[in-house]
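Undergrad: sequence isn't available, so here's the structure alone:
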Ligand SMILES: Cc1ncc(COP(=O)(O)O)c(C=O)c1O
């Protein structure tokens, strides 16, 4: 090319969740049977969708207007419905115009970082959900600015550490909170959330809060939404139907803008996100059309509660399975449908192996691990080849920690226990 056409952030875009899936596909083609614990898709993991929900969708599919464009911000009646819901639960008044539908939160993350001034940085959690950390890094063209979620403190961050990172980096303009958190399964305590809002107010920052797992909380914990304590701090809350309904294939999520008019710069930034969406004409009509009827259906809450009980049971089974193994640590997940196991420092290296009985699979994995890579990725490849379980290396979530994230989505308890047993045996063999 006569001109350099590579974006400054092109090197920051890695999504290991799908990277592991491609390796799993190759091994499946070699004849291995694989349990996919890498991706947070309840439907692909066998979650049956109830008949009443399908009936609501069928009704909508019969109407011609479902096939048309919808207003770019999203269907007014659905935005009115959501705005009323937030305003009734929270101390912040949300107008339908403060809501903007997106083609899933993936689209939203792209817009949020795509229209943020390159030199303005957002503190993102580490470990952190890859879509955010990669987008933050790509927008700035340098590694993400992070704060530390501490596995030795139940994955809670240290407030003083966050404040230091704000004070010693004047480029920091915002803080990202993922609550409940992916990949750790941590649920933010009310006081800590309140304290971070306090930091944002003190240092004149905005908050981005991903609440995609907001209603997937268990083990006696209650989730506090940002709307309850945001006060007058400018914020963007991200919600979606992908995980909760669950309908990830609908590509339907939305942003809620809080206190957009309290700061001129924030207002302009929000408007640039809205205008960018305007250029695309509109977002998905069908899921927006059915959203209120599904959330208001009398069977919705019981359906969700039953799913949450499943994730709670699996979170506790996984915690039991890994908590007493020397060399690894696990915090019990209290939300989301993931759990993360951490290898203690120094226990894994680039020489450990696992038995892989299938000769073709062994050769394939050995070829893969001959390239330089993080030690936990090497473990994940061996686990795939030797145990047939696909997990995501923790180091791919922008952290120096080593370990892996697995899903808690399996609906069959016996199968889930087989999966955790397989991983446990693999860890023991690998560390022996
Ligand atoms: C924290 C978090 N935010 C957003 C998303 C993506 O949501 P969507 O399907 O709406 O793009 C995910 C998907 O795993 C997630 O874990």
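TA: Cool, the structure landed. Since this is a predicted model, take the numbers as computed values, not measurements.

Undergrad: switch to C-alpha atoms for all contacts and neighbour counts from now on
TA: Will do.

Undergrad: pLDDT of stretch 142-152, averaged?
TA: Stretch 142-152 carries an average pLDDT of 96.

Undergrad: what's in contact with it?
TA: For stretch 142-152, contacts defined as C-alpha atoms under 8 Å, 6 or more residues apart in numbering pick out 9, 12, 121-127, 133-134, 136-137, 155-158, 161-162, 165, 330-331, 342.

Undergrad: what segments of the protein are strands?
TA: 35-36, 99-102, 121-126, 146-150, 156-157, 172-178, 206-210, 235-240, 253-258, 328-330, 338-343, 389-390, 392-393, 402-407 (DSSP state E).

Undergrad: need the winner for burial among these.
TA: Comparing the strands of the chain by mean neighbour count (mean count of other C-alpha atoms under 10 Å), strand 392-393 ranks first with a mean of 29.

Undergrad: against which helices or strands is that one packed?
TA: For strand 392-393, the packing partners by 3 or more C-alpha pairs under 8 Å, 6 or more residues apart in numbering; DSSP states H and E come out as helix 16-29, helix 375-387, strand 402-407.

Undergrad: who wins for proximity to residue 423 among these?
TA: Nearest to residue 423, of all the helices and strands packed on strand 392-393, is helix 375-387, at 7.2 Å by C-alpha to C-alpha.

Undergrad: packing partners for the closest one?
TA: The helices and strands touching helix 375-387, judged by 3+ C-alpha pairs under 8 Å, 6+ apart, are helix 359-369, strand 389-390, strand 392-393, strand 402-407, helix 413-431.

Undergrad: spell out which parts of the protein neighbour the ligand.
TA: Neighbours of the ligand within the chain, by C-alpha under 6 Å from any ligand atom: 40, 104-106, 129, 178, 182, 210, 212, 240, 242, 248, 253.

Undergrad: ok, 5 Å please
TA: Selection of the chain residues close to the ligand by C-alpha under 5 Å from any ligand atom yields 104, 105, 106, 240, 242, 248.

Undergrad: who are the contact partners of the nearest residue to the fourth one once chain neighbours are set aside?
TA: Spatial nearest neighbour of residue 240, chain neighbours left out: residue 253 (3.8 Å); criterion: C-alpha to C-alpha, 6 or more residues apart in numbering. If a contact means C-alpha under 8 Å, 6+ apart, then residue 253 has 101, 102, 103, 104, 105, 108, 238, 239, 240, 241, 242 as its contacts.

Undergrad: just list whatever residues bridge to residue 253.
TA: According to DSSP bridges, the partner residues bridging residue 253 are residue 102, residue 240.

Undergrad: and it, what's its pLDDT?
TA: As predicted, residue 253 sits at a pLDDT of 97.

Undergrad: now residue 278: how far from residue 287?
TA: From residue 278 over to residue 287 the distance is 19 Å, taken as C-alpha to C-alpha, to the nearest Å.

Undergrad: quick one: which of those two has more around it?
TA: More crowded of residue 278 and residue 287, by other C-alpha atoms under 10 Å: residue 287, with 20 against 14.

Undergrad: right, and that one touches residue 249 too?
TA: No: counting by C-alpha atoms under 8 Å, residue 287 does not reach residue 249; the two are 9.9 Å apart.

Undergrad: ok, residue 202 - how many residues close by?
TA: Residue 202 has 11 neighbours, counted by other C-alpha under 10 Å.

Undergrad: nope, residue 34 is what I meant
TA: 17.

Undergrad: flag the shaky bits of this protein, pLDDT-wise.
TA: Within the chain, the segments meeting pLDDT under 70 span 9-13.

Undergrad: longest helix of it?
TA: Taking DSSP state H as the criterion, the chain has its longest helix at helix 300-322.

Undergrad: check which helices and strands it is in contact with.
TA: Contact here means 3+ C-alpha pairs under 8 Å, 6+ apart; on that basis helix 300-322 packs against strand 328-330, strand 338-343, helix 413-431.

Undergrad: what's the offset of the first one from the middle of its chain?
TA: Okay, so that is strand 328-330. With C-alpha atoms, centre = their mean, to the nearest Å as the basis, strand 328-330 stands 21 Å off its chain's centre.

Undergrad: do the same with the last one
TA: The offset between the C-alpha centroid of helix 413-431 and the centroid of the whole chain comes to 24 Å, using C-alpha atoms, centre = their mean.
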